[in-house]
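[1] the sequence and its predicted three-dimensional model are supplied below.
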Amino acid sequence: MAKDISHLQLSQLTPKKVLVVFCMINMITYMDQGMIASSIVNKAIRDDLKMTKFENGVLSTAFSVGILLGSPLFASMANSVNTFRLIGIGLSTWCFSVAGCGLSYSFVSITLCRVLVGTGEASFMSLAAPFINENAPSAQKTLWLGIFYFCIPAGVALGHVYGGIVGKLLGWRSAFFGVSIAMVPFALLGFLMNPTHLKDFAPISRRKLTSIGTYILEVKDDVAMDVSKVAMNDISIHKRFLGDVKVLFLEKAYVVNILGYILYNFVIGAYSYWAPKVGYNVYKMNDSDVVFGGITVVCGMVGTVAGGYVLDLMSSTISNAFKLLSTAAFLGAIFFFSAFCSENVYCFLVLFSIGELLVFSMQGPVNLISLHCVKPSLRPMSLAMSIVAIQISGFVPSSQVIEILKDYTKNWRITALILTSVLFLAASTWFLGIYVHKTDKFMEDPDEIIDKCIKTPLIEEKAEKVETACEP
């Protein structure tokens with residue numbers, strides 16, 4: 001009885017409230033990444049654990065290894081285990097692993113913990129965006145996605161500040177413990193929320209309908225949590241995984257979008273690491289970390305929301321998303337190029353800020369394409385493989401490549417200009433996407449019974465749930 005009451009109380013959340021919860025989770029996860037990259041925390045870890053430069057580089061990429069392992073795993077399990085339970089399992093793993101980082105006394109132990117941090121976060125990264133996309137108002141889908149993805153730059157910037165303050169006052173270990181504790185309520189929420197599936201994942205016999213709006217997919221808690229049954233069917237899961245990946249990469253719009261996104265993240269990943277160093281070495285900015293952190297927060301907030309709002313005004317179609325992506329990437333590259341050519345520091349900051357606004361405006365549209373160019377059951381896998389692709393080919397190698405290029409050119413400005421030219425390639429790739437044959441599959445559902453059902457809010461606030469079966 002108590003269990004049913006907790007489910008009832010916690011399930012009284014509207015889609016807007018769920019968006020707020022997901023944004024807070026996203027912010028905290030990226031605070032962790034910003035914190036460990038902050039100069040005070042990073043230096044303290046290196047000194048305390050006596051790590052070499054090479055080991056420090058390995059530590060920065062260990063998180064990505066966890067993402068690569070976890071994203072396809074959780075996306076595949078979405079076919080058998082309900083969404084909130086998977087998020088709860090992943091965030092619980094995240095909490096224990098982040099706390100484990102604070103308890104680590106060797107390079108090996110902290111690296112293993114960072115891998116597990118990435119694995120745990122993969123559940124949320126793969127499943128949250130499809131959930132938001134399904135329940136956002138039809139005229140505001142890209143805006144909602146933009147708000148969600150704004151939390152990435154905001155979280156990283158907040159993590160830099162948090163790491164600097166807490167790391168200096170209480171030490172780097174306390175910084176990890178604080179972030180871990182902040183996530184605990186959200187991990188528990190994943191287990192307490194009423195069991196819910198993403199669209200097209202629950203068996204028809206277990207779909208329960210409510211009064212008016214979108215629909216909710218429910219399963220009994222014992223079935224939802226029976227992960228052991230999923231494990232017993234490893235062979236079929238493996239086959240389905242390979243089949244899903246094959247279908248994804250036969251979708252031309254998806255491939256073009258991911259190629260552009262890889263190039264985009266190659267540039268953004270390098271900027272996030274090297275831009276403050278360029279500001280210090282080229283423009284003699286002593287407080288470059290603070291300046292670029294502030295630019296990232298403001299431009300990230302305005303750009304992501306504005307990009308989603310503009311695409312919603314244009315009509316959120318795949319073709320319009322490609323048009324917006326190619327235009328924003330091209331203009332952003334021009335402003336970045338002009339910024340690094342400028343000799344005046346104030347002119348540089350203005351031009352660079354405009355470029356940041358433009359590139360952050362792409363977060364909503366690029367993920368909308370990944371969600372809408374595939375059928376509903378493939379959306380978690382679509383985002384999972386997107387994450388894998390940009391980690392392997394974008395974020396991870398960018399800082400190392402730029403390091404090698406800088407050593408070769410021995411000139412920060414030339415290195416920055418060469419890096420910026422990659423953004424022109426991203427714009428060209430997305431421009432080709434406009435002419436690729438594509439079909440918006442957002443409403444596609446192989447089970448025709450769903451189209452005949454009355455649709456209600458995914459998570460009701462006041463309306464009483466009415467369990468009915470649809471007429472054949």
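    That came through fine. Numbering: from 1, shown residues only.
[2] how about low-confidence regions in this protein?
    1-13, 78-80, 194-239, 241, 273-274, 276-277, 287-289, 394-396, 399, 437-472 (pLDDT under 70).
[3] just the helices in the stretch 201-350 of the chain please.
    Listed from the start of the chain, the stretch 201-350 of the chain has helices (DSSP state H, counting those that start in this stretch) covering 221-224, 227-232, 234-249, 252-283, 288-314, 318-341, 345-360.
[4] which non-adjacent residue is nearest Gly70?
    Nearest residue to Gly70 in three dimensions, chain neighbours excluded: Ala122, at 2.9 Å (Cβ to Cβ, 6 or more residues apart in numbering). Any C-beta I mention is one placed from the backbone N, CA and C, and that applies to glycine too.
[5] tally of neighbours for that neighbour?
    Other residues lying near Ala122 total 27 when counted by other Cβ atoms under 10 Å.
[6] now the strands for the stretch 101-250 of the chain?
    Across the stretch 101-250 of the chain, reading from the start of the chain, the strands by DSSP state E, counting those that start in this stretch fall at 207-208, 216-217.
[7] if I pick the residue nearest to Gly70, what's in contact with it?
    Taking Cβ atoms under 8 Å, 6 or more residues apart in numbering, we find Ala122 in contact with 66-67, 69-71, 73-74, 90, 384, 387.
[8] how far away is the residue most central in space within the chain from Ser377?
    The C-alpha lying nearest the average C-alpha coordinate of the chain belongs to Met125 (Cα atoms, centre = their mean; 4.9 Å). Counting by Cβ to Cβ, to the nearest Å, the separation of Met125 from Ser377 is 18 Å.
[9] what's the answer for Val161, then?
    Taking Cβ to Cβ as the criterion, Val161 is separated from Ser377 by 40 Å.
[10] and what of Leu311?
    Distance of Leu311 to Ser377, computed by Cβ to Cβ: 25 Å.
[11] who has more neighbours, those two?
    A direct count of neighbours by other Cβ under 10 Å for Leu311 and Ser377 places Leu311 higher, at 26 against 20.
[12] quick check: the more buried one touching Val366?
    No - distance between Leu311 and Val366: 10.4 Å, which falls outside the contact criterion (Cβ atoms under 8 Å).
[13] any shared contact partners between the two?
    Taking Cβ under 8 Å, 6+ apart as the contact rule, the neighbours common to Leu311 and Val366 are Ala321.
[14] which SS state does Val374 fall under?
    Going by DSSP: H, G, I helix; E, B strand; the rest coil, the secondary structure assigned to Val374 is coil.
[15] burial count for it?
    22.
[16] with Val255 instead?
    Other residues lying near Val255 total 17 when counted by other Cβ under 10 Å.
[17] not counting sequence-adjacent ones, nearest residue to it?
    When the adjacent residues along the chain are set aside, Val255 lies closest to Phe249, with 5.9 Å between them (Cβ to Cβ, 6+ apart).
[18] between the contacts of Ala122, which sits nearest Tyr149?
    Tyr149 lies nearest to Ile387 out of those, by Cβ to Cβ, at 12.5 Å.
[19] now the closest one. Nearest residue, chain neighbours left out?
    Nearest residue to Ile387, sequence neighbours excluded (Cβ to Cβ, 6+ apart): Ser71, at 4.9 Å.
[20] surely that neighbour meets Ser382?
    No - contact between Ser71 and Ser382 fails when scored by Cβ under 8 Å: they sit 10.7 Å apart.
[21] common neighbours of those two, please.
    Residues touching both Ser71 and Ser382 by Cβ under 8 Å, 6+ apart: none at all.
[22] shouldn't the residue nearest to the centre of the chain be in contact with Met385?
    No - under the contact definition of Cβ under 8 Å, Met125 does not touch Met385, with a separation of 11.8 Å.
[23] can you list residues touching both of these two?
    By Cβ under 8 Å, 6+ apart, the residues touching both Met125 and Met385 are Ser71.
[24] ok, Gly102 to Phe186 distance?
    Counting by Cβ to Cβ, the gap from Gly102 to Phe186 is 19 Å.
[25] Ile40 contacts His160, doesn't it?
    No - assessed by Cβ under 8 Å, Ile40 is found out of contact with His160, at 9.4 Å.
[26] okay, those two: which has more neighbours?
    The residue with more neighbours, out of Ile40 and His160, is His160; 26 against 19, by other Cβ under 10 Å.
[27] OK, contacts around the more buried one?
    His160 sits in contact with 34-35, 37-38, 289, 293, where contact means Cβ under 8 Å, 6+ apart.
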